[in-house]
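Asker: When you get a sec, could you give me coordinates for this:
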Amino acid sequence: MIITDQFGFLPKQLDLECSGFKIYCVDNFHETLKSIKETVNRDGFIYPRMTYSAVVNPTTMREIKRIPNSERPTLLYKLPPSHHIEFETDDIMKEKKELRRELFGFIMHLIGYIFGVRLQFHDWWFDGRTPFDSQHNIGITKKKLEEFLVHAINKFMSWEKEKQISFVNILYMHNRAPSYEWDWETFIIEYMVFDACWKFSGLGKTTKTKHENRINRICTEYKLYQKNDVIEKIVKLRNNLFHEALWCGEMPCTVADNDDFFVSYHLRRLNQRLIPALLGYNSTYVGSDWTCLGSHSFD
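Answerer: Numbering: from 1, shown residues only. Take a look at the predicted model:
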């Protein structure tokens, strides 16, 4: 049995076939891409359209008059699909709804992680701004992408359902983090992702580890790069923000100095390396310098 679905919006012409699934572009991909590009803000994000309230005819649902002072950005909106996903399975009991929260969701959000964008199924909703430009500074070949996806899917299928759901949520929240505009908000979400990675790793089950030592310990366990002064800054900002509502010694939404401003980006890049590490994917990228602002090859 073949189960199909659609998701978007991935601004890349991608056609893959491996591990029993296919991903390929929708028929009108180029036309839709051109249309979306025209709406992208110069900062590389898609923003919600403006909406308003109105009095409508209850029979025809036609607008009678617009209600004054009701304009605002819409809370939820959809983007058109860019790709199909197909999966061949012998399990006739598998439903699309279940697959979306498990295997389909994992594949979709993992692709979003690779290309640094947020993705959703065609009839699900986005909220807030959505990145169109990649938020993941890596270069990856099609061969390497296929190799990584095959490895990741096999690993995912070996986990119990609880672990599968947890990892899908890690990917979802990590891909969502750039939608926040304040540095302290992004930091909170990325630390949430790190905390979820820590829980997922199971390291806390063997030995209790304080928050101040968790980054060093997980980096040691998974052979990630360590830079103690940056780690200490992450820990300090986390403690002050979570326990005292302080950001860089000030009120949240105040301007941070350059060193503190980049900490949320450092934490994001740390998480970007933790994700393949937790999937058991060994590569030079996993051990690369996550405090570096430059690009890396996903090797």
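Asker: What segments of the stretch 51-200 of the chain are strands?
Answerer: Along the stretch 51-200 of the chain, the segments classed as strands by DSSP state E, counting those that start in this stretch run 54-56, 63-66, 72-73, 76-77, 83-88, 120-121, 126-127, 130-131, 138-139.
Asker: ok, the second one: who's next to it in the sheet?
Answerer: Pointing back at strand 63-66 there. strand 54-56 (antiparallel) (DSSP bridges).
Asker: Other residues contacting the partner strand?
Answerer: 62, 63, 64, 65, 66, 67, 70 (Cβ atoms under 8 Å, 6 or more residues apart in numbering). Yep, even glycine has a C-beta here, placed from its N, CA and C like the rest.
Asker: CA atoms of the longest helix anywhere in the chain as CSV?
Answerer: If you go by DSSP state H, the chain has its longest helix at helix 183-201. Listed next in CSV are the C-alpha coordinates belonging to helix 183-201 (Å, rounded to 0.1, in the frame of the first residue of the first chain):
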residue,chain,number,x,y,z
ASP,A,183,17.3,37.2,20.9
TRP,A,184,16.1,36.2,24.4
GLU,A,185,13.0,34.5,22.9
THR,A,186,15.1,32.5,20.5
PHE,A,187,17.5,31.6,23.3
ILE,A,188,14.6,30.2,25.4
ILE,A,189,13.4,28.0,22.6
GLU,A,190,16.8,26.8,21.7
TYR,A,191,17.5,26.0,25.3
MET,A,192,14.2,24.1,25.4
VAL,A,193,15.5,22.1,22.4
PHE,A,194,18.8,21.5,24.2
ASP,A,195,17.0,20.3,27.3
ALA,A,196,14.9,18.0,25.2
CYS,A,197,18.1,16.6,23.6
TRP,A,198,19.6,16.1,27.0
LYS,A,199,16.5,14.2,28.2
PHE,A,200,16.5,12.2,24.9
SER,A,201,20.1,11.2,25.3
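Asker: mind exporting the helix or strand that it is followed by as CSV, just the C-alpha atoms?
Answerer: Next along the chain after helix 183-201, taking DSSP states H and E as the criterion, comes helix 203-206. Output in CSV follows, covering the C-alpha atoms of helix 203-206 (Å, rounded to 0.1, in the frame of the first residue of the first chain):
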residue,chain,number,x,y,z
LEU,A,203,22.6,10.7,30.2
GLY,A,204,20.6,12.0,33.1
LYS,A,205,19.4,8.5,34.0
THR,A,206,22.9,7.3,34.8
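Asker: Closest one to residue 80 out of the contacts of strand 54-56, please.
Answerer: For the contacts of strand 54-56, the closest approach to residue 80 (Cβ to Cβ) belongs to residue 63, at 24.3 Å.
Asker: For the closest one, give me its contacts.
Answerer: For residue 63, counting by Cβ under 8 Å, 6+ apart, the contacting residues are 54, 55, 56.
Asker: Tell me the pLDDT of it.
Answerer: Residue 63 carries a pLDDT value of 92.
Asker: Mind listing the residues bridging to it?
Answerer: The partner residues for residue 63, given DSSP bridges, come to residue 56.
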